[in-house]
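> Just the structure for this:
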Amino acid sequence: MKSPLLDLLFLFLDKISLFANFKLFSMTEDDERIANYDDVSYFKRGDLLEVPRTLFVHFGIYLGNNKVAHLMPDILPVLAEDTCSTQKVVTNKRLIMGVLAKVASIRVDSVQDFAYGGSITVNHMDSSFKTKPLSNEEVAQRAEKLVGATSYSLLWNNCEHFVTYCRYGIPVSFQTDKFCETVKRIIRDQRSVFVSAALGLVLILSVGLEPSTTLPSLLITFSLWMAS
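The predicted structure is shown next:
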């Protein structure tokens with residue numbers, strides 16, 4: 001006989017694995033054109049470059065002369081006044097903290113720093129747009145005009161919004177759309193309500209009926225129930 005508690009536990013683990021294995025990007029082998037990032041002669045000024053980085057694909061516009069303009073979250077400019085330190089390649093830790101703090105800039109780095117050890121795909125997004133891309137020179141000029149500090153939003157202003165605006169004139173993010181659809185599927189699954197309720201009950205039993213734990217647990221469960 002199956003235990004309801006075990007069922008809830010397996011459901012919770014299933015939700016965790018969905019996020020753990022979730023990829024914000026997908027490419028077919030037929031469509032992608034991967035280049036060795038050391039061979040910059042392959043790129044043309046105005047090309048849209050993509051490179052896998054952590055859980056997402058990072059995007060940039062090639063400016064020529066081994067330089068790439070890209071929107072990059074970075075916490076370091078907030079913590080340090082030394083411009084020399086902030087000009088160094090943005091590590092994953094700095095990037096994640098920048099995302100949380102919503103601090104970013106459109107910066108120009110070398111192709112090697114932009115790639116961060118990954119393989120670069122060129123103009124892969126052209127097949128996703130019905131409209132033709134702008135001329136390469138206009139794309140590069142748009143990117144150059146936007147270089148500098150900017151706000152960051154995972155949903156409204158990320159690196160993909162930047163490059164799609166430069167190349168196609170429309171700021172969109174397919175990664176964000178895919179992420180939101182996955183979140184909606186999880187929220188609409190009524191079993192998520194029971195998982196959140198069970199976890200809230202375990203938390204309450206562990207620490208007691210404290211407002212700091214009881215109210216959030218009830219609010220999350222209620223919100224999931226109304227959204228399902």
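
> tell me the domain ranges of the chain?
Domain ranges of the chain: 4-21+181-227, 34-173, per automatic domain parsing.

> Least confident of the ones you listed, on average?
Note on the domains of the chain: lowest mean pLDDT is at domain 4-21+181-227, with a mean of 55.

> Does Gly60 touch Val163 like I think?
Yes. Gly60 sits in contact with Val163 when judged by C-beta atoms under 8 Å, with a separation of 6.6 Å. (Glycine included, C-beta is placed from N, CA and C.)

> and those two? which has more neighbours close in?
Counted by other C-beta atoms under 10 Å, Gly60 and Val163 do not tie: Gly60 has more neighbours, with 29 against 26.

> circling back to that earlier point, common neighbours of Gly60 and Val163, please.
Leu48, His70 (C-beta atoms under 8 Å, 6 or more residues apart in numbering).

> Show me where this protein has its helices.
Listed in chain order, the helices of the chain (DSSP state H) span 4-20, 76-79, 83-86, 92-101, 111-115, 136-145, 159-168, 174-188, 191-207, 211-227.

> Pull out the buried residues from stretch 142-153.
Within stretch 142-153, the residues that qualify as buried are Arg142, Ala143, Thr150, Tyr152, counting by 16 or more other C-beta atoms under 10 Å.

> Mind listing residues that contact that stretch?
Where contact means C-beta under 8 Å, 6+ apart, the residues beyond stretch 142-153 that reach it are 61, 63, 69, 71, 73, 77, 98-99, 102-108, 134, 157-158, 162-163, 165-166.

> ok, now stretch 129-141?
44-48, 61-64, 123, 126, 142, 164, 166-170.

> Could you give the number of residues near the closest residue to Gly64 other than its chain neighbours?
Sequence neighbours aside, Arg45 is the residue nearest to Gly64 in space, at 4.0 Å (criterion: C-beta to C-beta, 6 or more residues apart in numbering). The number of residues packed near Arg45 is 16, by other C-beta under 10 Å.

> State the distance from Arg45 to Ser110.
Going from Arg45 to Ser110 by C-beta to C-beta, to the nearest Å gives 15 Å.

> Look up how far Ala101 lies from Lys88.
Lys88 sits 18 Å away from Ala101 when distances are taken as C-beta to C-beta.

> my bad, Leu63
Noted for Leu63: a distance of 27 Å to Ala101, by C-beta to C-beta.
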